[in-house]
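> sequence first, then the predicted structure:
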Amino acid sequence: MTASFALEWKKGPSRGNITVTDGSVSRGTVTRGNGKFSEEGFSTDGGQTRLEVTVNLEESKGSAATLVTIDAAERPFSFFLRDVSEKYPIYIPAYGVAVTRSEDARTYDQIENEIRANNLLTDLQQIEAEPEESYDNAASHTRELACQTWLGLSRDMRIFGVGFRGVGGEERLWDWIQPRFHGHEVTLPENENKPVCYRYMLGRGIGCVDGVTRRLEDGTLPILHASIEDNDIIYDTVSFVSYESSPLNAETLRGTHYLAADGFGHGHMLTEEQLKQREQLLPQELNSEEETVLYFRAVATNKARVPRYAWFKNVIPNAYVMNNDKNYVFDAGCGFVQFSEDRVCCVSKLNGEPLSEEETAILIPPGETATFEFYLPHRPITRNRAEGLIRQQFVSRLEECREFWLYKLSRAASIKLPEKRVDEMVKAGLLHLDLVTYGLEPNRTVVPTIGVYTAIGSESSPIIQFMDSMGWSDLAERSLQFFLDKQHEDGFIQNFGGYMLETGAALWSVGEHYRYTRNDVWLNRIKGNLLKAYDYLLDWRSRNKTEDQRGKGYGMLEGKTADPEDPFHSFMLNGYAYLGMSRLAEILASSDPVRSEQIRAEAEALKEDIRQGLFEAMARSPVVPLADGSWVPTVPPWVEHRGPLSLYAQGGKWLTHGSVVARDSLLGPLYLVLQEVVQPDEAEAEFMLNYHLELMCTRNVALSQPYYSIHPWVHLKRGEIKPFLKAYYNGFAGLADRDTYTFWEHYWHASPHKTHEEGWFLMQTRWMLYMEEGRELKLLPGIPRKWLDNGKVIELNEVATYFGSVSLHVESKLEQGVIVARVTCESDRKPDTVTIRLPHPNGAIPAQIVGGSYSASQESVRIDHFTGKAEVTLLF
C-alpha cells in the first residue's frame, strides 16, 4: 500500500528527514522552490517550498494510526497520515507549514487565505468574543450536584455527614446522619461492626416535590439550616456539632493526634514504625471522656389558616425502606434510643420534654409551632451520660458553636466581595478546610486531609497555601510538618496510594510558606529534612542519566503521579521536582548560599532536561485541528508516548475516572507552566492551552475531576480574563453544592467534602484578587467587571502576600463618574510596583487618572516606586 501527501512551507526548513511509523518513505520531490530530497533527508534554501512525498505502508496496519514525523531542524512536527485532506488541510500557522493531498496544487499562502476567509475562531477566541461569564449563566448550563454536609469541630476527626431525603444515595434513604472517623464511617458491634447510619423523618415522607432548601449559618459557618416544605407545614431545622458536656471554645478544643486521623483517611501509607506508634495512640484517641455530639432541632410551623398535622419520626439506627426494630430499643420514659441499658445512641425531645413516642402526629393551630430535638453522640454513651446530655440546652449550645466559628474567622484575613455567593464561598471554604485538618491543639502537627482521603503532598498544596494567604500561617506550618514528620529515612515523602510526586510538591509548599512568612527560625529547624528530600530527588534523577535514556526522558524522574498505575517519566512528576528544588534553592539563598547555588544549578539542569523531553515529545506527537481551521502540536503526559493518550497513536486503554482524556488533561504537560518550566507567554503554552480547551474541556472546564487541571491559572498569567472567568464560574457551578458550597471530587457523586477541589477554587479566587510577579503585586487581575458596577465595594483586609500583609479598598461611584482604590502594605519587604486592574463595567476608558500610569489594554493603573500607601482615582 502507498499514500502520498504534499508539504507546503512558507519558509522551508534548512534540513530534515521524514520518518513513518509502520511504513517508509519511497519517494520525495521538491516541486516548488529551491531544495532537494534524498535518502539521507531533505534541505531547502529557506524560501517558499513544496515537497511531495510518497510512503509505503505495511499492509497489516494500513493508514489507520500511521504517524508521519517531519524531523526538521526548525519546527519539527508530526501528523496522522489519515488526517491529511484536501478539503481540510493540516494548516499550522505557528510553523508556517501546511500538509495536503499531493493532487492539491495550492500554495501555502493560498491555503492560508482560504482558511482565514472562513472567519472562524478558536474556542479560546470565541470565549474572548462572548460577554463575560457569570455565575447565573454558568449555573444554567451545568449540572447541579447536591452533596451531604460534613459537620464537626475542626482538629477532631469525629465528624458527621448530614443529608436530607436521600441525598447521598439510595442507601441513605429518609433524612439521615452518619458519624464518621474522617474518611471512614463509624462501625458498631450492634451492627456486626458495619457502618451505622441514623435515619429519621420529618413530615409525611418523600413525594413528588423535593421541598428541601439548605443553607449554612450566615452562608459561611458549619451550622446547617434546612427547610422542608410539606404542604402547609414548614419544618425549619438546624444541625451543628459540639461537645457532650464541656463548653466549646479554643481552650477546650483538644483535637485528634494526626497519626490516628491519618490512618482513617483513605489511601494512607504508614511505615512500620508509624503503624506501631498509631496502634499505641488509638485506645486513647478512640475512647475519650466525652463524645462529640450532633445537635438537631426541627421547628414545625403551620402556615395554613386551619389546624394542620405535623409528623415526626424519631432516629433509628440503620433503618432502610422498612423500619428495623430488632437491634435497638426506644425508652419512652426518657426519650432514649439505645442498644442496651448502657449503650445510648440518641436522646430526643418534643416541645422541651423527653420524646414519648417514636412516631408522632401533632395537630398545630394556625401560626403556631412544635419543636422536635435530638442529640446524637458520635458513638453510644452510658445512660448516666445520656441523662446529662438530654439536659443540654439547644439554644445556648447553638450560640456557643456560632461564636466558636466566628472566632476562627476573626483570626483570618478578611475579604469582602460584591458577589454574595463568592463572598460566602471564600469564608465557608476556609472553614471547610479547617474542619478536616486534624491534630492535637494548640500547636502540634496536623494532617491537612482532602475529603475522605488523607493528606497528599500535591493535593494538600492548595489547602495549605490558601491558609497562608488568609493569614493562618501557624496552621499552614503545622500542616507542612505532617509531611516532614512522616518523611522516610532516605528523604522520600510519600503518604498516599503509592503516589511518587509528593516530595517535590511538598518542597514547593514549604517554599511558598517561606515566601509568606520569612521565618528563618522555622527554616533552620527543618533544614535537615529539606536537604534529605533534595538528596533523594537528586539520586532519583541520577538513576535516569544514562545513555539508554536519551530521547526517553534523560535525567527525568519516573514514577506514578496519581491513581492510575503509570510509572513513566511524566511531566507533572518532574515539574513538581523542579519546582520544589527551585524553591529550596531560593529559601536557602541567604542562610546557606553555597548549598543554595548547588541546588539551583541542579534544578536548572533538571529544567533543561524536562524542556528537552517536552520539545522532543511535541515533535513526535500528532498535530490536531482547532475550531478556526488551524492545527497545533500536542504533547503526551509523559515522554514515552506519542501524543495525547486519548488519540491512541499507540493504542491502549486509557479511560479512567469517567473520562478518556483524564490523564492528558488532569495529569498532563500543562502543569509545566504552573511549575515554571514553561513560561506562560511561550508558544508551547499557547499550543497546550488551545488543544486542551478544544479536546479536553466543556465550557473551559476539564472533565471528571476538573480542579486537577491548572489552565485557569495559566489564563490569568497570560492576561486572558474571559477564559479564566469561563473556567472559574462553570467550575464551581457544576461541582459544588449550590446551597452549602461543599465540593464533590467527581461529577458522579464520588467523594464528598473534597477540600482539594475547594482549595483550588479558593486559590483561583485568591489569584483573581491578587497575584505576585517578581517585585510586582498585581491587584484584582481577574475580577469580573460587574464587580465594579456603581455602589460596589471590594475589600481585602490584611491578606497575606509574598510582600507581607496587604489591604485594599475599592469603591465604585460611577453615578459620580469615579472609581477609587486605596492600597496599603507597610511591610519592610513591600513590593516595588503595584498594579491595580479596575475594569469599567461597560469597558469605558477613563478620561483622567490620578495616582499612577494607566494601561488601556490591561485596564490597569501602575504605581511605580510604591511607598507603602497609595490612592488611585479613575474619572470617567
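Good, I have the coordinates.
> can I get stretch 772-782 as CSV, trimmed to CA atoms?
Provided in CSV are the C-alpha atoms of stretch 772-782 (Å, rounded to 0.1, in the frame of the first residue of the first chain):
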residue,chain,number,x,y,z
GLU,A,772,2.7,38.3,42.8
GLU,A,773,5.1,38.5,39.9
GLY,A,774,8.7,39.3,40.7
ARG,A,775,8.8,42.5,42.7
GLU,A,776,5.3,43.5,41.4
LEU,A,777,2.0,43.0,43.2
LYS,A,778,-1.0,42.7,40.8
LEU,A,779,-4.3,43.5,42.4
LEU,A,780,-7.7,42.4,41.0
PRO,A,781,-6.1,40.9,37.9
GLY,A,782,-9.0,38.6,37.2
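> let me see the mean pLDDT of that stretch.
Stretch 772-782 shows a mean pLDDT of 98.
> what do you get for stretch 291-309?
98.
> now do stretch 662-672
97.
> please compute how far that stretch lies from its chain's middle.
Relative to the centre of its chain, stretch 662-672 is centred 14 Å away, using C-alpha atoms, centre = their mean, to the nearest Å.
> how about that stretch as CSV, C-alpha atoms only?
Presented in CSV, the C-alpha positions along stretch 662-672 are these (Å, rounded to 0.1, in the frame of the first residue of the first chain):
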residue,chain,number,x,y,z
ALA,A,662,-8.3,12.3,32.2
ARG,A,663,-4.6,11.5,32.1
ASP,A,664,-4.0,14.0,29.2
SER,A,665,-5.9,16.8,30.9
LEU,A,666,-5.6,16.3,34.6
LEU,A,667,-2.1,14.9,34.8
GLY,A,668,-0.7,16.5,31.6
PRO,A,669,2.1,18.7,30.4
LEU,A,670,0.2,22.0,31.0
TYR,A,671,1.3,21.7,34.6
LEU,A,672,4.8,22.7,33.4
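> and for it, what's in contact with it?
Applying C-beta atoms under 8 Å, 6 or more residues apart in numbering, the contact partners of stretch 662-672 are 561-562, 564, 566, 570-572, 575-576, 610, 614, 617, 635-637, 644-646, 654-656, 659, 678, 685, 688-689, 692, 695-697, 702-706, 708-711, 714. (Glycine included, C-beta is placed from N, CA and C.)
> what do you get if the cut-off is 7 Å, keeping everything else the same?
Stretch 662-672 is contacted by residues 561-562, 564, 566, 570-572, 575, 610, 614, 635, 637, 644-646, 654, 656, 678, 688, 692, 696, 702-705, 708-711, 714 when judged by C-beta atoms under 7 Å, 6 or more residues apart in numbering.
> mark which of those are buried, thanks.
Taking 16 or more other C-beta atoms under 10 Å as the criterion, what is buried in these is 561-562, 566, 570-572, 575, 610, 614, 635, 637, 644-646, 654, 656, 678, 688, 692, 696, 702-705, 708-711, 714.
> just to revisit the earlier point, restricted to strands, list the contacts of stretch 662-672.
Mapping the contacts of stretch 662-672 onto strands (DSSP state E) picks out residue 702.
> before we move on, the earlier item: which of the buried ones among the contacts of stretch 662-672 fall in helices?
Applying DSSP state H to the buried ones among the contacts of stretch 662-672, the entries found in helices are 571-572, 575, 610, 614, 688, 692, 696, 711, 714.
> put together a markdown table for the residues you listed, with pLDDT on each row.
Formatted as a markdown table, these follow (pLDDT from 0 to 100):
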| residue | pLDDT |
| --- | --- |
| 571 | 98 |
| 572 | 98 |
| 575 | 98 |
| 610 | 98 |
| 614 | 98 |
| 688 | 98 |
| 692 | 98 |
| 696 | 98 |
| 711 | 98 |
| 714 | 98 |
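> switch those over to TSV; also include distance to residue 206.
Formatted as TSV, these follow (distance: C-beta to C-beta, whole Å):
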residue	distance to residue 206
571	49
572	44
575	49
610	55
614	54
688	47
692	42
696	39
711	41
714	45
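> of those, which pair is most distant in space?
610 and 696 (21.4 Å; C-beta to C-beta).
> bridged to residue 35, which residues?
Beta-bridge partners recorded for residue 35 (DSSP bridges): residue 44.
> isn't residue 456 right up against residue 449?
No. Under the criterion of C-beta atoms under 7 Å, residue 456 makes no contact with residue 449, lying 9.2 Å away.
> more neighbours: the two, which one.
residue 449 (33 against 26; other C-beta atoms under 10 Å).
> kindly state the pLDDT recorded for the more buried one?
pLDDT, read off for residue 449, is 98.
> spatially nearest residue to it, not counting backbone neighbours?
Nearest residue to residue 449, sequence neighbours excluded (C-beta to C-beta, 6 or more residues apart in numbering): residue 436, at 4.8 Å.
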